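1. Quick check, what structure comes out for this input:
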Amino acid sequence: MLSDPVLTHRPEDGQDIPLLVWRAHPPLRAVSSGPLGGGVGVRHWVVNATVPMSYHRDDPAAHLTALADRLGLDGPGVGLLTGVDVAEVAARADTGVRVWATVGLGTPLWAAAPAQPPDTPTQDTTPAQDTTPGRAPDTPTQPTGPVRDVVPDAAGASEAGPVVRVGTVNIVVYVPVTLGDAALVNAVATATEAKCQAIRELGLPGTGTPTDSVTVLCPAAGPAQPYGGPRSAWGAPLARAVHAAVRAGGSVPCVPWSQRRTC
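-> Got it, this is the predicted structure:
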């Protein structure tokens, strides 16, 4: 069983930064694209940690391992990073499937973008983005389409402050039955399809952000379910729960945690 996430904070670089911690009792089978604990295996915990938008470390796995050690988390786990305030996690459940999503959609892009020939000049002078899954971009990009992540002024007036965009959608899913290898992979695809559906319904020009991550956990023992597609017994509620969580999280303005602190 996967616990509800516990919101805690860590002292780092002179700041008190939030993170979410899930614990698995007993340990769970998992598939993840996160920078720590990615791949398929048995996992004991999940951490989703907020980082400042100025985050520039090139060792996210080592960073997350240190955070887990500080929290006293034993055994292998999954670690995710985001510029979103993880206290704003959106949680949904459907037919025993539980989903939590931290939703930053300020850097939407289409997965299949046209290739740029080498040395081709473009209008975009934005520095290249770090594409580590589950990690916030070092520098926000300037996507086309509606601007949704607007920082209010300190007085909370309606006049908008500087535009700051935060990307990264981290999705954590718990399915209460054992999934076989193929079903786990299929479940990741189903979660991604449901995320894309929610983003389209939100009216944003893209299928996700450059750093999105999906983690699916299930019991390690028991008869293995062979399917995880959107019309399978467990893929269908998974899709509905992910869709609802991403819609809910993406329907409100998302201010980067580090920017909010200075408002």
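
2. ok now the helix or strand harbouring L7, how far from the chain's centre?
-> Using DSSP states H and E, L7 sits within strand 6-12. The chain centroid and the centroid of strand 6-12 are separated by 17 Å under Cα atoms, centre = their mean, to the nearest Å.

3. strands paired with that strand, and their directions?
-> The strands that strand 6-12 pairs with in its sheet are strand 15-32 (antiparallel) (by DSSP bridges).

4. following the strand it pairs with, which helix or strand shows up next?
-> By DSSP H and E, the next helix or strand past strand 15-32 is strand 39-50.

5. Can you name the residues in contact with the helix or strand following that next one?
-> Sequence-wise, the next helix or strand downstream of strand 39-50 (DSSP H and E) is helix 60-70. Residues outside helix 60-70 that contact it (Cβ atoms under 8 Å, 6 or more residues apart in numbering): 10, 19, 35-36, 45, 47, 49, 57, 77, 79-81, 132, 134-135. Any C-beta I mention is one placed from the backbone N, CA and C, and that applies to glycine too.

6. can you state the direction angle for the strand holding L7 and helix 60-70?
-> Note on geometry: by axes from the mean of the first three to the mean of the last three Cα atoms, to 10 degrees, strand 6-12 and helix 60-70 are set 110 degrees apart in direction.

7. Only alpha carbons, please: show strand 6-12 as PDB.
-> Taking C-alpha atoms only, strand 6-12 is exported to PDB below (Å, rounded to 0.1, in the frame of the first residue of the first chain):
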ATOM      1  CA  VAL A   6       3.300  13.900   3.700                       C
ATOM      2  CA  LEU A   7       4.300  17.500   3.200                       C
ATOM      3  CA  THR A   8       7.500  18.400   4.900                       C
ATOM      4  CA  HIS A   9      10.300  20.900   4.400                       C
ATOM      5  CA  ARG A  10      14.100  20.900   4.200                       C
ATOM      6  CA  PRO A  11      16.600  23.600   4.900                       C
ATOM      7  CA  GLU A  12      18.700  24.200   1.800                       C
END
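
8. that older thread, by neighbour count, which of the contacts of helix 60-70 wins?
-> Using other Cβ atoms under 10 Å as the neighbour criterion, L80 leads these with 32 neighbours.

9. For that one, I want the exact helix or strand it lies within.
-> L80 belongs to strand 78-82 when elements are defined using DSSP H and E.

10. quick one: that strand to strand 39-50, angle?
-> Interaxial angle, strand 78-82 versus strand 39-50 (the same axes, to 10 degrees): 40 degrees.

11. ok now whichever helix or strand comes after strand 78-82, how far from the chain's centre?
-> Using DSSP H and E, the next helix or strand after strand 78-82 towards the C-terminus is strand 90-94. Centroid separation for strand 90-94 versus its chain: 14 Å, with Cα atoms, centre = their mean.

12. who does whatever helix or strand comes next after strand 90-94 touch, helix- and strand-wise?
-> Sequence-wise, the next helix or strand downstream of strand 90-94 (DSSP H and E) is strand 97-105. Judged by 3 or more Cβ pairs under 8 Å, 6 or more residues apart in numbering; DSSP states H and E, strand 97-105 is in contact with strand 15-32, strand 90-94, strand 167-174, helix 235-250.

13. let's see it at 6 Å
-> strand 90-94, strand 167-174, helix 235-250 (3 or more Cβ pairs under 6 Å, 6 or more residues apart in numbering; DSSP states H and E).

14. by contact count, what packs against the first one?
-> Based on contacts counted as 3+ Cβ pairs under 6 Å, 6+ apart, the elements that strand 90-94 packs against are strand 97-105, helix 235-250.

15. Go through that strand and flag the buried ones.
-> Neighbour-count burial for strand 90-94 flags A90, A91, R92, D94 (criterion: 16 or more other Cβ atoms under 10 Å).
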